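**Student:** fold the following and give me the result.
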Amino acid sequence: MTGYKNVMIVADIEGSSGCWSYAGSSFKTRQWVRACVDMSRDVDAVVKSLFQQGVRKVTVKDFHRTGYNLLPERIDPRCRVVSGYRRGPVPGVGNPSGAEAVLFLGLHAASGTDGFLAHTLTSRISALKLDGKPLPEIALFAASLAPYNIRPIFFSGCPVACRQAEEIIAGIETFSIEKNGDPNDFDAQRWRLAMAAAAAASLQNRRAAPYLPDGPFHATVTMREGEAAAGQLAHRWGLDCRGPQISIRAESFHELYRDLIRICYLTPMTARILPLSLALFNLRGRFGLAWLRRRLKKR
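**Tutor:** Residues are numbered from 1 along each chain as shown. I've put the predicted structure just below:
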């Protein structure tokens with residue numbers, strides 16, 4: 001039996017068993033259909049393993065692109081699948097529902113590194129560094145959950161992503177997926193069951209503490225589209241800019257995450273009407289999931 005009774009899963013698609021190319025992570029492609037099915041199978045295997053170990057409540061947050069990639073009907077009904085994005089209190093997540101620990105499934109490496117489909121928040125960023133080191137999404141997500149005393153205990157993704165998670169969060173346990181080979185030779189079910197067993201074993205992990213480093217922080221964001229795009233974004237949000245690189249100085253990790261969200265996803269107008277903006281964005285995700293289900297029915 002485990003001491004953790006209420007856990008959260010944050011799921012992404014790039015490090016899942018069915019995504020083997022950029023097309024697999026892209027919205028409404030043939031490859032995305034397969035990736036969503038296998039992502040759902042990965043999550044289902046982990047959820048079942050957690051309940052078998054005595055966990056009483058599991059909340060799954062879909063955190064890829066639109067937030068509507070998981071098929072709840074293919075996942076153990078005892079868990080709660082949260083699709084789409086919430087304004088807060090945790091950005092994107094909403095209410096963490098009293099979770100004690102979080103497991104990150106299928107995440108990727110940071111922008112500017114050589115992991116599989118490596119990026120942080122958006123592929124428009126070619127490199128993102130915090131105090132000179134690459135900043136992966138797990139740091140942002142884990143820090144946003146830290147005020148609720150939620151421990152980041154497990155991480156799965158490509159080997160580069162796993163190494164970055166281990167370097168940032170002391171004590172986190174990882175399980176990698178190698179994507180350099182032929183996907184037709186990959187035994188997804190065998191890998192999935194082994195990953196689920198490792199996730200269940202991580203329920204005994206008390207080494208990983210809530211992750212919230214002390215500031216101040218200095219981040220540099222290099223825009224793939226170059227100097228003009230960087231200058232426009234920096235001017236929009238009152239940030240410093242030199243060439244294609246935007247500079248962010250923040251007293252806390254939460255301020256840093258807020259500024260990155262603004263750069264990547266918002267304009268001053270959409271920020272002012274954020275509830276409506278999120279509702280419209282989530283509606284797009286729902287339509288995409290409906291399209292996915294129709295494609296599956298035609299098979």
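
**Student:** so where's this protein uncertain?
**Tutor:** Across the chain, residues meeting the criterion (pLDDT under 70) sit at 1-2.

**Student:** at 80 instead, please
**Tutor:** Low-confidence regions of the chain, defined here as pLDDT under 80, cover residues 1-2, 299.

**Student:** which parts of it are helices?
**Tutor:** Counting by DSSP state H, the chain has these helices, from start to end: 22-25, 30-52, 137-145, 159-168, 188-201, 227-237, 253-265, 268-272, 274-297.

**Student:** buried deepest among these, which one?
**Tutor:** When neighbours are counted by mean count of other CB atoms under 10 Å, the highest per-stretch mean among these falls to helix 137-145, a mean of 24. Quick note: C-beta positions are derived from backbone N, CA and C, even for glycine.

**Student:** report the distance from that helix to the chain centre.
**Tutor:** Here helix 137-145 shows a centroid-to-chain-centroid distance of 9 Å under the convention CA atoms, centre = their mean, to the nearest Å.

**Student:** show me what it is packed up against.
**Tutor:** Here helix 137-145 touches strand 101-107, strand 151-157, helix 159-168, helix 253-265, going by 3 or more CB pairs under 8 Å, 6 or more residues apart in numbering; DSSP states H and E.

**Student:** I'd like those laid out as CSV, including distance to Leu145.
**Tutor:** Formatted as CSV, the entries for those read as follows, by distance: least, CB to CB, whole Å:
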stretch, distance to Leu145
strand 101-107, 6
strand 151-157, 7
helix 159-168, 14
helix 253-265, 11
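
**Student:** out of these, which gets nearest to Leu193?
**Tutor:** For those, the distance to Leu193 is smallest for strand 151-157, at 12.9 Å, taking CB to CB.

**Student:** what sits against Cys158?
**Tutor:** Residues touching Cys158, when contacts are defined by CB atoms under 8 Å, 6 or more residues apart in numbering, comprise Glu14, Gly15, His108, Ala109, Gly115, Phe116, Ser176, Ile177, Glu178, Lys179.

**Student:** mind doing that once more with 7 Å?
**Tutor:** Residues in contact with Cys158, defined by CB atoms under 7 Å, 6 or more residues apart in numbering, are Gly15, His108, Ala109, Gly115, Phe116, Ser176, Ile177, Lys179.

**Student:** looking at these, spot the one nearest Ile261.
**Tutor:** His108 (17.9 Å).

**Student:** what about that closest one, distance to Lys297?
**Tutor:** Between His108 and Lys297 the distance is 30 Å, computed by CB to CB, to the nearest Å.

**Student:** neighbours around Ser156, how many?
**Tutor:** 29 (other CB atoms under 10 Å).

**Student:** now it: closest residue in space that isn't a chain neighbour?
**Tutor:** Phe175 (4.7 Å; CB to CB, 6 or more residues apart in numbering).

**Student:** tell me the spacing between that neighbour and Ala142.
**Tutor:** Relative to Ala142, Phe175 is positioned 17 Å away (CB to CB).

**Student:** then Leu71?
**Tutor:** Separation of Leu71 from Ala142 (CB to CB) stands at 26 Å.

**Student:** cool, and Phe287?
**Tutor:** Taking CB to CB as the measure, Phe287 and Ala142 are separated by 31 Å.

**Student:** same thing with Lys5?
**Tutor:** Using CB to CB, one obtains 20 Å as the distance from Lys5 to Ala142.

**Student:** also Phe155?
**Tutor:** Distance from Phe155 to Ala142, counting by CB to CB: 9 Å.

**Student:** tabulate the contacts of Cys158 (CSV), appending distance to Pro134 and neighbour count.
**Tutor:** CSV is the format used below for the contacts of Cys158 (distance: CB to CB, whole Å; neighbours: other CB atoms under 10 Å):
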residue, distance to Pro134, neighbour count
Gly15, 16, 28
His108, 12, 27
Ala109, 8, 28
Gly115, 10, 25
Phe116, 15, 22
Ser176, 17, 17
Ile177, 20, 23
Lys179, 19, 19
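
**Student:** contacting residues for Ala45?
**Tutor:** Arg192, Leu193, Ala196.

**Student:** quick one: contacts for the residue nearest to Arg258 when sequence neighbours are not counted?
**Tutor:** Here the nearest residue to Arg258 in space, its sequence neighbours aside, is Pro91; by CB to CB, 6+ apart that works out to 7.6 Å. If a contact means CB under 7 Å, 6+ apart, then Pro91 has Ser144, Tyr257, Ile261 as its contacts.
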